[in-house]
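**Q** Below: sequence and its predicted model.
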Amino acid sequence: MCKAAFTKLVGIGESTLCRIVRHICVNDGIVPEIVDGRKGSKEHMTEKKHSVVVFLHRYGEEFGYPCPSSHPSGGDTWVEEEIILLPAGTQKYKVYEDYCDAILGVRHLDQRKHSVRVSGAQMAVGEDTQGDGDSGDEIVLPDSDSDSDSDDEFDWDEDVQEVVSYCNFIRIWKKDCRWIRIAQGASDMCDFCGRFEREKLDGWQVVVTAHKLLGHQERQYYKKLIDMSSVEHGSLHLTVDYAQCVRVPHEMRQASNIYFSSPYKIDLFGIAAEAEGRTDVYCIPEGDHPGANGPKGANNVIGMLDHYLSQEWLKGIRRLYLHADNCGGQNKNRFVFAYLAYLVACGRFDSITFAFMCAGHTKCSVDGTFGLIKRLFWNTERVETLDEFLDVVNESCEPARAVNMQGYKWRNWRAFVEQFGIKTQDTSRRHVFVFDKSHPLHVKAFKWSSDIATGNDAIEYKIFSNISDHRHLVQPEEHGFFSIHDEAFTTENVGLNDERKAQVKTVIDENCTLQAQEWWEANFQLKEAVLRWKDEQRRRRKEMRENGRK
């Protein structure tokens with residue numbers, strides 16, 4: 001019977017038929033497979049699996065390099081060794097071919113459809129010769145008494161090891177050597193680790209290892225505070241961070257005119273309560289921020305943190321744990337420290353711990369939420385308005401909750417805390433700051449989290465120099481304890497000038513639907529701004545012509 005007719009009658013494919021034939025050749029008949037209890041694992045695979053693991057270890061040692069932001073058992077609990085990165089251009093099938101070269105000494109491709117070699121027995125699938133009315137391929141099963149050297153084409157040495165299939169090779173790699181990875185694009189990597197590993201300075205391995213251990217230590221402290229907030233009554237852990245801005249309107253298949261224009265910008269700021277399983281994503285539209293320092297200054301961070309802490313479900317919180325990155329302009333500055341000291345001094349919290357992870361090793365849950373938001377955003381067909389982007393944030397993942405800051409009434413927290421007289425200290429090399437009600441006007445700074453228990457290398461200083469008694473800061477309960485209610489400290493949003501509105505209107509008219517254009521007009525009055533801008537342009541040109549005549 002020809003192969004095509006046999007496979008059609010039995011209802012199997014060509015690859016299944018080849019596996020059956022190979023099984024018969026190996027065992028001189030049909031023999032039940034011995035399984036050790038796990039699906040698809042055979043006892044005869046043990047040696048092959050070991051050879052794959054040994055090969056990948058040696059391959060990683062020869063061609064890989066340590067991941068700058070990783071450490072043994074650091075970010076992933078299942079990682080048993082330091083993460084090794086293979087060059088970004090590495091292809092898994094090329095690694096498999098190198099494995100086959102190492103085992104067989106020849107370039108091994110998947111030839112099981114054409115030949116199978118086992119212990120001197122050969123199986124050949126050849127073209128059927130014409131005759132007897134049969135057509136198609138003929139399956140030739142070797143006789144058990146046949147001479148193993150009868151087919152010179154498949155004459156293999158008996159000592160040559162067999163190789164696993166490509167699928168099994170990848171499966172073993174993912175299961176037993178998962179810390180050996182192919183490098184991918186990443187952001188916010190550690191400059192310190194990267195510089196030492198690129199330049200290979202003297203003693204670079206010792207320096208980088210010590211640096212990674214510090215990063216691991218602060219990462220463990222970050223996890224410890226999250227666990228503490230989940231079991232302690234009246235405590236909360238928050239992580240705050242900014243994300244890269246997004247621009248609308250957005251199309252998944254981007255038109256060229258959008259690429260060369262400047263769409264409307266939306267900044268993102270996240271506050272994650274890990275123990276509660278929620279992340280509030282503050283969406284700050286372009287122009288809806290206070291002052292001339294842009295949307296990422298200390299005043300903005302304090303304003304959004306104050307907005308978050310004013311929520312009703314946080315009224316019973318007495319101990320606050322905060323984590324942020326080491327950005328001095330946003331988080332690690334005297335204005336944020338003064339605001340936190342003010343919260344303790346006025347009685348809102350009993351204690352606040354503000355901690356910073358090691359620079360370059362600050363990835364946290366907020367970054368994961370931002371990644372999911374960006375992924376859904378880039379894969380959404382069209383996002384034309386701010387409201388549509390808020391829907392994207394809410395649908396990106398379960399923890400994400402969009403907070404629209406359009407039209408928000410910002411407070412000038414910098415001016416408010418400066419009236420108490422802020423003392424400054426060099427805190428750039430300190431990573432843990434503790435504010436406690438036992439010393440309400442003071443802050444205690446530690447270099448690392450391990451110094452909290454020992455008190456080594458700690459400094460304590462008074463933040464407010466113009467206040468001797470913290471009771472002067474306590475406000476009535478109906479005022480919310482800590483929010484600013486003095487109109488003298490309100491500030492106006494920067495807003496969009498007429499020139500910027502004219503640019504936005506050009507982008508909107510070229511890339512948005514009529515419904516979206518109506519939304520933009522209702523919220524920003526773009527047509528009036530364009531008319532004013534054109535009148536201003538005409539006036540300027542007229543002045544230039546008159547000045548030229550003079």
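**A** Received, thanks.

**Q** got a list of what the closest residue to residue 376 other than its chain neighbours touches?
**A** Leaving aside its sequence neighbours, residue 376 sits nearest to residue 396 (Cβ to Cβ, 6 or more residues apart in numbering; 4.5 Å). Any C-beta I mention is one placed from the backbone N, CA and C, and that applies to glycine too. Applying Cβ atoms under 8 Å, 6 or more residues apart in numbering, we find residue 396 in contact with 369, 372, 373, 375, 376, 377.

**Q** and the fourth one, that one's in a helix?
**A** Yes: secondary structure assignment (DSSP: H, G, I helix; E, B strand; the rest coil) places residue 375 inside a helix.

**Q** Grab the nearest non-local neighbour of it.
**A** residue 396 (7.5 Å).

**Q** what separates that neighbour from residue 296, distance-wise?
**A** The gap separating residue 396 from residue 296 is 22 Å, by Cβ to Cβ, to the nearest Å.

**Q** where's residue 433, which helix or strand?
**A** Element membership for residue 433, per DSSP states H and E: strand 432-436.

**Q** List the neighbouring strands of that strand plus their orientation.
**A** strand 351-356 (antiparallel), strand 442-446 (antiparallel) (DSSP bridges).

**Q** And the pLDDT at the residue nearest to residue 375?
**A** Among the per-residue scores, residue 396 holds a pLDDT of 94.

**Q** Do me a favour and average the pLDDT over stretch 276-288.
**A** For stretch 276-288, mean pLDDT is 93.

**Q** mind listing what's buried in it?
**A** 279, 280, 281, 282, 283, 284, 285, 286, 287, 288 (16 or more other Cβ atoms under 10 Å).

**Q** And those residues, which two are furthest apart?
**A** Farthest-apart pair in these is 279 and 287; separation 24.8 Å (Cβ to Cβ).

**Q** Quick test: name the residue nearest the centre of the protein.
**A** residue 368 (4.6 Å; Cα atoms, centre = their mean).

**Q** Give me the pLDDT value at it.
**A** pLDDT, residue 368: 91.

**Q** ok, and what's touching the helix or strand hosting it?
**A** Here residue 368 sits within helix 365-378, counting by DSSP H and E. Among residues not part of helix 365-378, those counted as contacts by Cβ under 8 Å, 6+ apart are 188, 239-241, 243, 246, 250, 252, 268, 270-272, 274, 279, 281, 383, 389, 392-393, 395-397, 399-400.

**Q** Over to stretch 214-232?
**A** 69, 71, 74-75, 190, 235-237, 274-275, 319, 321, 323, 353, 355-358, 360-361, 364, 431-432, 448-450.

**Q** Can you say which of the residues you listed are buried?
**A** Buried subset of the contacts of stretch 214-232 (neighbour count, 16+ other Cβ under 10 Å): 69, 71, 74, 190, 235-237, 274-275, 319, 321, 323, 353, 355-358, 360-361, 364, 431-432, 448-449.

**Q** quick one: which of those residues sit in strands?
**A** 235, 236, 237, 319, 321, 323, 353, 355, 356, 432 (DSSP state E).

**Q** before we move on, the earlier item: which one of the buried residues of stretch 276-288 sits closest to residue 543?
**A** residue 287 (27.7 Å).

**Q** separation between the residue nearest to residue 376 and residue 222?
**A** 23 Å.

**Q** For the chain, give the helix that spans the most residues.
**A** Longest helix in the chain, counting residues (DSSP state H): helix 204-231.

**Q** what inclination does that one have with respect to helix 365-378?
**A** Helix 204-231 runs at 90 degrees relative to helix 365-378, counting by axes from the mean of the first three to the mean of the last three Cα atoms, to 10 degrees.

**Q** now the helices for the stretch 151-300 of the chain?
**A** 166-176, 191-199, 204-231, 256-259, 298-309 (DSSP state H, counting those that start in this stretch).

**Q** ok, and which of those has the densest surroundings?
**A** helix 298-309 (a mean of 22; mean count of other Cβ atoms under 10 Å).

**Q** Okay, domains of the protein per the record?
**A** Listed by automatic domain parsing, the domain ranges of the chain are 3-182, 215-480, 498-549.

**Q** any chance of the ones you listed in JSON lines, with distance to residue 492 too?
**A** Shown next, in JSON lines, are those (distance: least, Cβ to Cβ, whole Å):
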{"stretch": "domain 3-182", "distance to residue 492": "41"}
{"stretch": "domain 215-480", "distance to residue 492": "7"}
{"stretch": "domain 498-549", "distance to residue 492": "17"}
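
**Q** CA atoms only: put stretch 205-214 into CSV for me.
**A** The C-alpha coordinates for stretch 205-214 follow below in CSV (Å, rounded to 0.1, in the frame of the first residue of the first chain):
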residue,chain,number,x,y,z
GLN,A,205,33.2,41.9,38.7
VAL,A,206,33.7,42.6,42.4
VAL,A,207,32.4,46.1,42.1
VAL,A,208,29.3,45.1,40.1
THR,A,209,28.5,42.2,42.4
ALA,A,210,28.7,44.4,45.5
HIS,A,211,26.4,47.0,43.7
LYS,A,212,23.9,44.3,42.8
LEU,A,213,23.8,43.0,46.3
LEU,A,214,22.9,46.5,47.5
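
**Q** Could you give the separation of that stretch from the chain centroid?
**A** From the chain centre to the centre of stretch 205-214 is a distance of 23 Å (Cα atoms, centre = their mean, to the nearest Å).

**Q** and if you look at stretch 309-328?
**A** Relative to its chain's centre, stretch 309-328 lies at 23 Å (Cα atoms, centre = their mean).

**Q** how long is it from one end to the other?
**A** In stretch 309-328, first residue to last residue: 22 Å (Cα to Cα, to the nearest Å).
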